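Peer 1: My questions concern the predicted model and sequence given below.
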Amino acid sequence: MVRRSRSIPPPSVIDRDMPHQVALPDDICTDSNYTLITRFLRERALICRTRAVIAIWEDGKQEQWRLHCFADREAAAAFLDHFGGIMFDPKRDRENGRARGVWRRQGAYERILKMGPLSVPEALRS
């Protein structure tokens with residue numbers, strides 16, 4: 001049986017304790033962008049946990065997004081102001097608030113290649 005690490009809280013605990021969440025496309029959070037994000041958090045002494053969610057649009061297109069989760073509303077607002085993104089409400093945006101539910105998105109899918117100071121690395125732009 002696979003056991004969860006004691007240092008990593010389960011998704012439901014993250015959603016409960018860190019309800020202020022900012023969503024960014026997963027492929028925009030890689031490479032040097034990951035360094036920019038971690039530097040931003042470290043310089044401001046912000047505590048953040050990350051989670052993944054699958055966004056599904058009405059046209060059936062799916063994309064993985066990374067949730068940056070904060071306990072403090074002001075910390076999430078500072079992150080959002082600097083990097084952009086979409087505020088994600090774990091109770092509203094997941095299927096009936098299920099911790100492992102998907103994120104149903106409205107409208108047609110459109111790939112995001114740049115958001116704030118972040119951009120998708122060339123190797124992932126295919």
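Peer 2: Yep, that arrived. Numbering: from 1, shown residues only.
Peer 1: contacting residues for residue 75?
Peer 2: Under the criterion of CB atoms under 8 Å, 6 or more residues apart in numbering, the neighbours of residue 75 are 20, 44, 46, 47, 48. Backbone N, C-alpha and C define where each C-beta goes, glycine included.
Peer 1: Now do the helix or strand hosting it, average pLDDT.
Peer 2: Here residue 75 is covered by helix 73-83, with elements defined by DSSP states H and E. Summarised as a single mean, pLDDT over helix 73-83 is 98.
Peer 1: How many neighbouring residues does residue 50 have?
Peer 2: Counted with other CB atoms under 10 Å, the burial measure for residue 50 works out to 14 neighbours.
Peer 1: partners of it in the sheet?
Peer 2: Beta bridges link residue 50 to residue 68, judged by DSSP bridges.
Peer 1: ok, it to residue 125 distance?
Peer 2: Summarising the geometry, the distance separating residue 50 from residue 125, computed by CB to CB, to the nearest Å, is 23 Å.
Peer 1: So what's the residue count around residue 115?
Peer 2: Counted with other CB under 10 Å, the burial measure for residue 115 works out to 17 neighbours.
Peer 1: same deal with the one 3 residues further on?
Peer 2: Burial of residue 118, expressed as a neighbour count using other CB under 10 Å, amounts to 24.
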